[in-house]
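Asks: output the structure for:
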Amino acid sequence: MTTTHEPAAEPALPGTAPQPAPGATPPRRPLAARAAAELIGTAALVAVVVGSGIQATQLTRDAGVQLLANSLATVFGLGVLILLLGPVSGAHFNPVVTLAEWWTGRRGGAGVTMREAAVYVPSQIAGAIAGAVLADAMFGRPLVAWSTHDRSAGHLLLGEVVATAGLVLLIFGLARTDRLRFAPVAVASYIGAAYWFTSSTSFANPAVTIGRTFSDTFAGIAPGSLVGFIGMQLIGGVIGLALVSLVFLPGREAAE
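Replies: Alright, predicted model coming up:
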(Lines give C-alpha, C1' and ligand atoms only; values in the text may rest on other atoms or scores of the structure.)
Protein backbone atom coordinates (compact mmCIF):
# COMPACT_ATOMS: atom_id res chain seq x y z
CA MET A 1 0.00 0.00 0.00
CA THR A 2 2.93 2.26 -0.42
CA THR A 3 4.93 3.61 -3.33
CA THR A 4 8.40 3.18 -1.91
CA HIS A 5 11.25 1.68 -3.93
CA GLU A 6 14.10 2.29 -1.51
CA PRO A 7 15.90 -0.90 -0.40
CA ALA A 8 18.62 -0.31 2.14
CA ALA A 9 22.14 -0.42 0.75
CA GLU A 10 24.42 -3.12 2.13
CA PRO A 11 28.08 -3.98 1.58
CA ALA A 12 28.69 -6.53 -1.12
CA LEU A 13 29.70 -9.98 0.06
CA PRO A 14 32.50 -11.92 -1.67
CA GLY A 15 31.19 -13.39 -4.89
CA THR A 16 28.12 -11.17 -5.04
CA ALA A 17 27.23 -8.17 -7.16
CA PRO A 18 28.17 -4.80 -5.64
CA GLN A 19 25.39 -2.98 -3.83
CA PRO A 20 24.33 0.64 -4.52
CA ALA A 21 26.22 3.28 -2.56
CA PRO A 22 24.31 4.99 0.25
CA GLY A 23 21.97 7.56 -1.21
CA ALA A 24 22.18 6.14 -4.72
CA THR A 25 19.01 5.18 -6.58
CA PRO A 26 18.83 1.37 -6.59
CA PRO A 27 18.02 -0.48 -9.81
CA ARG A 28 14.37 -1.41 -10.25
CA ARG A 29 13.51 -5.06 -9.90
CA PRO A 30 12.33 -7.04 -12.94
CA LEU A 31 8.61 -6.61 -13.58
CA ALA A 32 8.02 -10.34 -13.00
CA ALA A 33 9.54 -10.05 -9.52
CA ARG A 34 7.46 -6.98 -8.72
CA ALA A 35 4.27 -8.67 -9.95
CA ALA A 36 5.07 -11.71 -7.80
CA ALA A 37 5.60 -9.45 -4.78
CA GLU A 38 2.22 -7.80 -5.39
CA LEU A 39 0.48 -11.16 -5.78
CA ILE A 40 2.11 -12.69 -2.69
CA GLY A 41 1.69 -9.56 -0.60
CA THR A 42 -2.00 -9.15 -1.44
CA ALA A 43 -2.61 -12.86 -0.87
CA ALA A 44 -0.96 -12.68 2.53
CA LEU A 45 -2.90 -9.53 3.45
CA VAL A 46 -6.26 -11.13 2.60
CA ALA A 47 -5.28 -14.33 4.40
CA VAL A 48 -4.57 -12.22 7.49
CA VAL A 49 -7.86 -10.31 7.22
CA VAL A 50 -10.07 -13.32 6.53
CA GLY A 51 -8.17 -15.78 8.72
CA SER A 52 -8.18 -13.51 11.75
CA GLY A 53 -11.88 -12.89 11.20
CA ILE A 54 -12.60 -16.62 11.21
CA GLN A 55 -10.43 -17.16 14.28
CA ALA A 56 -12.11 -14.31 16.13
CA THR A 57 -15.61 -15.64 15.53
CA GLN A 58 -14.54 -19.08 16.75
CA LEU A 59 -13.13 -17.68 19.98
CA THR A 60 -15.84 -15.19 20.98
CA ARG A 61 -19.35 -14.07 20.13
CA ASP A 62 -18.67 -10.48 21.20
CA ALA A 63 -18.71 -8.39 18.00
CA GLY A 64 -16.47 -5.72 19.52
CA VAL A 65 -13.81 -8.25 20.50
CA GLN A 66 -14.07 -9.84 17.05
CA LEU A 67 -13.44 -6.49 15.37
CA LEU A 68 -10.57 -5.73 17.75
CA ALA A 69 -8.87 -9.04 16.98
CA ASN A 70 -9.42 -8.60 13.25
CA SER A 71 -8.08 -5.04 13.21
CA LEU A 72 -5.01 -5.81 15.33
CA ALA A 73 -4.04 -8.76 13.14
CA THR A 74 -4.44 -6.59 10.05
CA VAL A 75 -2.30 -3.79 11.51
CA PHE A 76 0.59 -6.09 12.36
CA GLY A 77 0.32 -8.15 9.19
CA LEU A 78 0.13 -5.16 6.88
CA GLY A 79 3.06 -3.41 8.54
CA VAL A 80 5.28 -6.47 8.15
CA LEU A 81 4.26 -6.98 4.52
CA ILE A 82 5.01 -3.36 3.60
CA LEU A 83 8.38 -3.56 5.35
CA LEU A 84 9.26 -6.80 3.57
CA LEU A 85 7.97 -6.19 0.05
CA GLY A 86 8.10 -2.40 -0.21
CA PRO A 87 11.67 -2.45 -1.55
CA VAL A 88 10.62 -4.87 -4.31
CA SER A 89 7.34 -3.58 -5.74
CA GLY A 90 6.41 -0.58 -3.62
CA ALA A 91 3.98 -2.77 -1.64
CA HIS A 92 0.84 -1.37 -3.26
CA PHE A 93 -1.39 -4.45 -2.70
CA ASN A 94 -4.18 -2.16 -3.90
CA PRO A 95 -5.37 -1.22 -7.43
CA VAL A 96 -6.37 2.26 -6.24
CA VAL A 97 -2.80 2.95 -5.07
CA THR A 98 -1.36 1.54 -8.30
CA LEU A 99 -3.67 3.63 -10.49
CA ALA A 100 -3.01 6.72 -8.39
CA GLU A 101 0.74 6.25 -8.78
CA TRP A 102 0.34 5.78 -12.53
CA TRP A 103 -1.77 8.93 -12.74
CA THR A 104 0.68 11.08 -10.78
CA GLY A 105 3.66 9.84 -12.83
CA ARG A 106 2.03 9.64 -16.28
CA ARG A 107 3.92 12.67 -17.61
CA GLY A 108 7.36 11.27 -17.08
CA GLY A 109 7.57 11.44 -13.30
CA ALA A 110 8.39 8.63 -10.91
CA GLY A 111 5.82 5.86 -10.66
CA VAL A 112 4.50 2.85 -12.48
CA THR A 113 3.86 2.94 -16.21
CA MET A 114 0.58 1.92 -17.82
CA ARG A 115 2.16 -1.40 -18.77
CA GLU A 116 3.31 -1.98 -15.20
CA ALA A 117 -0.09 -1.03 -13.80
CA ALA A 118 -1.71 -3.49 -16.23
CA VAL A 119 0.45 -6.22 -14.66
CA TYR A 120 0.15 -5.07 -11.03
CA VAL A 121 -3.66 -4.90 -10.88
CA PRO A 122 -4.42 -8.46 -12.10
CA SER A 123 -1.67 -9.75 -9.81
CA GLN A 124 -3.29 -8.03 -6.84
CA ILE A 125 -6.74 -9.40 -7.69
CA ALA A 126 -5.43 -12.94 -8.21
CA GLY A 127 -3.52 -12.70 -4.95
CA ALA A 128 -6.57 -11.50 -3.05
CA ILE A 129 -8.67 -14.42 -4.28
CA ALA A 130 -5.87 -16.87 -3.45
CA GLY A 131 -5.54 -15.38 0.03
CA ALA A 132 -9.25 -15.83 0.78
CA VAL A 133 -9.18 -19.43 -0.45
CA LEU A 134 -6.06 -20.10 1.64
CA ALA A 135 -7.68 -18.69 4.78
CA ASP A 136 -10.75 -20.88 4.27
CA ALA A 137 -8.52 -23.91 3.72
CA MET A 138 -6.54 -23.27 6.92
CA PHE A 139 -9.73 -23.33 8.99
CA GLY A 140 -11.29 -26.33 7.27
CA ARG A 141 -14.02 -24.35 5.55
CA PRO A 142 -15.22 -24.74 1.94
CA LEU A 143 -12.52 -23.29 -0.30
CA VAL A 144 -15.03 -21.04 -2.08
CA ALA A 145 -18.21 -19.95 -0.34
CA TRP A 146 -19.75 -16.73 -1.62
CA SER A 147 -20.25 -14.27 1.18
CA THR A 148 -23.80 -13.42 2.24
CA HIS A 149 -22.70 -10.36 4.25
CA ASP A 150 -24.61 -7.52 2.59
CA ARG A 151 -22.80 -4.18 2.72
CA SER A 152 -24.87 -2.11 0.29
CA ALA A 153 -26.21 0.54 2.68
CA GLY A 154 -25.44 4.14 1.76
CA HIS A 155 -23.60 4.97 4.98
CA LEU A 156 -21.22 2.05 4.36
CA LEU A 157 -20.48 3.34 0.86
CA LEU A 158 -19.71 6.76 2.32
CA GLY A 159 -17.35 5.06 4.76
CA GLU A 160 -15.44 3.55 1.84
CA VAL A 161 -15.02 6.95 0.19
CA VAL A 162 -13.61 8.38 3.41
CA ALA A 163 -11.36 5.40 4.11
CA THR A 164 -9.88 5.31 0.61
CA ALA A 165 -9.44 9.06 0.31
CA GLY A 166 -7.59 9.11 3.62
CA LEU A 167 -5.35 6.23 2.58
CA VAL A 168 -4.35 7.90 -0.70
CA LEU A 169 -3.79 11.23 1.06
CA LEU A 170 -1.53 9.51 3.59
CA ILE A 171 0.57 7.54 1.10
CA PHE A 172 1.09 10.31 -1.43
CA GLY A 173 1.48 12.91 1.30
CA LEU A 174 4.34 10.83 2.70
CA ALA A 175 5.83 10.63 -0.79
CA ARG A 176 5.56 14.41 -1.32
CA THR A 177 7.30 15.09 1.99
CA ASP A 178 10.00 12.44 1.50
CA ARG A 179 8.82 10.39 4.48
CA LEU A 180 7.98 7.06 2.84
CA ARG A 181 10.37 5.37 5.24
CA PHE A 182 7.58 5.68 7.79
CA ALA A 183 5.03 3.96 5.54
CA PRO A 184 5.01 0.54 7.26
CA VAL A 185 3.97 2.10 10.56
CA ALA A 186 1.88 4.96 9.16
CA VAL A 187 -0.19 2.98 6.66
CA ALA A 188 -0.78 0.06 9.02
CA SER A 189 -1.78 2.46 11.80
CA TYR A 190 -4.20 4.32 9.53
CA ILE A 191 -5.89 1.10 8.40
CA GLY A 192 -6.17 -0.04 12.00
CA ALA A 193 -7.77 3.24 13.00
CA ALA A 194 -10.08 3.24 9.99
CA TYR A 195 -11.45 -0.16 11.02
CA TRP A 196 -13.01 1.73 13.90
CA PHE A 197 -13.78 5.23 12.68
CA THR A 198 -15.40 4.28 9.34
CA SER A 199 -18.78 2.59 9.10
CA SER A 200 -17.50 0.15 6.45
CA THR A 201 -14.51 -1.05 8.56
CA SER A 202 -12.23 0.30 5.86
CA PHE A 203 -11.83 -2.12 2.98
CA ALA A 204 -10.33 0.77 0.93
CA ASN A 205 -9.01 -1.69 -1.65
CA PRO A 206 -10.79 -3.15 -4.73
CA ALA A 207 -8.60 -6.27 -4.86
CA VAL A 208 -9.16 -7.07 -1.19
CA THR A 209 -12.87 -6.41 -1.66
CA ILE A 210 -13.03 -8.92 -4.51
CA GLY A 211 -11.10 -11.49 -2.49
CA ARG A 212 -13.42 -11.13 0.48
CA THR A 213 -16.46 -12.11 -1.61
CA PHE A 214 -15.00 -15.63 -1.80
CA SER A 215 -15.37 -16.28 1.93
CA ASP A 216 -18.70 -16.39 3.75
CA THR A 217 -17.20 -15.26 7.04
CA PHE A 218 -17.09 -12.34 9.45
CA ALA A 219 -14.80 -10.45 7.03
CA GLY A 220 -16.75 -11.23 3.85
CA ILE A 221 -18.77 -9.04 1.53
CA ALA A 222 -21.66 -10.24 -0.62
CA PRO A 223 -21.03 -10.17 -4.40
CA GLY A 224 -24.07 -7.91 -4.75
CA SER A 225 -22.28 -5.24 -2.72
CA LEU A 226 -19.09 -5.46 -4.77
CA VAL A 227 -19.81 -2.89 -7.48
CA GLY A 228 -20.89 -0.22 -5.02
CA PHE A 229 -17.85 -0.69 -2.79
CA ILE A 230 -15.36 -0.64 -5.65
CA GLY A 231 -17.04 2.39 -7.20
CA MET A 232 -16.80 4.31 -3.94
CA GLN A 233 -13.17 3.27 -3.49
CA LEU A 234 -12.30 4.67 -6.92
CA ILE A 235 -14.12 7.89 -6.08
CA GLY A 236 -12.24 8.02 -2.79
CA GLY A 237 -8.97 7.60 -4.66
CA VAL A 238 -9.76 10.58 -6.88
CA ILE A 239 -10.71 12.68 -3.86
CA GLY A 240 -7.52 11.60 -2.10
CA LEU A 241 -5.35 12.74 -5.03
CA ALA A 242 -7.22 16.04 -5.15
CA LEU A 243 -6.53 16.54 -1.45
CA VAL A 244 -2.83 15.77 -1.99
CA SER A 245 -2.67 18.45 -4.69
CA LEU A 246 -4.53 20.92 -2.51
CA VAL A 247 -2.61 20.33 0.72
CA PHE A 248 0.90 19.85 -0.57
CA LEU A 249 0.77 22.27 -3.54
CA PRO A 250 3.65 20.86 -5.61
CA GLY A 251 5.91 23.54 -7.04
CA ARG A 252 4.34 26.45 -5.14
CA GLU A 253 7.22 26.82 -2.64
CA ALA A 254 9.83 26.70 -5.41
CA ALA A 255 7.97 29.35 -7.38
CA GLU A 256 7.76 31.65 -4.39
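Asks: contact partners for the residue nearest to Val244 when sequence neighbours are not counted?
Replies: Spatially, and ignoring its direct neighbours in sequence, Val244 is nearest to Phe172 (4.5 Å; C-beta to C-beta, 6 or more residues apart in numbering). In this view, the C-beta of every residue, glycine as well, is placed from N, C-alpha and C. For Phe172, the contacting residues are 3, 100, 104, 240-241, 244, by C-beta atoms under 8 Å, 6 or more residues apart in numbering.
Asks: with secondary structure, neighbour count and pLDDT as added columns, please give these in CSV.
Replies: As requested, those are exported to CSV (DSSP: H, G, I helix; E, B strand; the rest coil; neighbours: other C-beta atoms under 10 Å; pLDDT from 0 to 100):
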residue, secondary structure, neighbour count, pLDDT
Thr3, coil, 24, 64
Ala100, helix, 26, 96
Thr104, helix, 20, 89
Gly240, helix, 27, 97
Leu241, helix, 19, 96
Val244, helix, 22, 95
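Asks: save these as CSV, and put in distance to Leu143 too.
Replies: Output for the contacts of Phe172, formatted as CSV (distance: C-beta to C-beta, whole Å):
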residue, distance to Leu143
Thr3, 33
Ala100, 33
Thr104, 38
Gly240, 35
Leu241, 37
Val244, 40
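Asks: which one of the residues you listed is nearest Ala153?
Replies: Nearest to Ala153 out of the contacts of Phe172 is Gly240 (C-beta to C-beta; 22.4 Å).
Asks: pretty sure the closest one contacts Gly173?
Replies: No - using C-beta atoms under 8 Å, Gly240 makes no contact with Gly173, being 9.2 Å away.
Asks: for Ala194, give me the pLDDT.
Replies: The confidence metric pLDDT takes the value 97 at Ala194.
Asks: same question, the one 5 residues further on
Replies: Among the per-residue scores, Ser199 holds a pLDDT of 96.
Asks: Leu246 versus the residue nearest to Val244, what's the distance?
Replies: Using C-beta to C-beta, to the nearest Å, Phe172 is found at 12 Å from Leu246.
Asks: name the residues that touch stretch 101-112?
Replies: With C-beta under 8 Å, 6+ apart, stretch 101-112 has contacts from 3, 90, 92, 98, 113-114, 116-117, 120, 172, 241.
Asks: let me have those in CSV, extended by secondary structure and distance to Thr60.
Replies: Shown next, in CSV, are these (DSSP: H, G, I helix; E, B strand; the rest coil; distance: C-beta to C-beta, whole Å):
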residue, secondary structure, distance to Thr60
Thr3, coil, 37
Gly90, coil, 36
His92, coil, 33
Thr98, helix, 36
Thr113, coil, 47
Met114, helix, 46
Glu116, helix, 43
Ala117, helix, 41
Tyr120, helix, 37
Phe172, helix, 38
Leu241, helix, 39
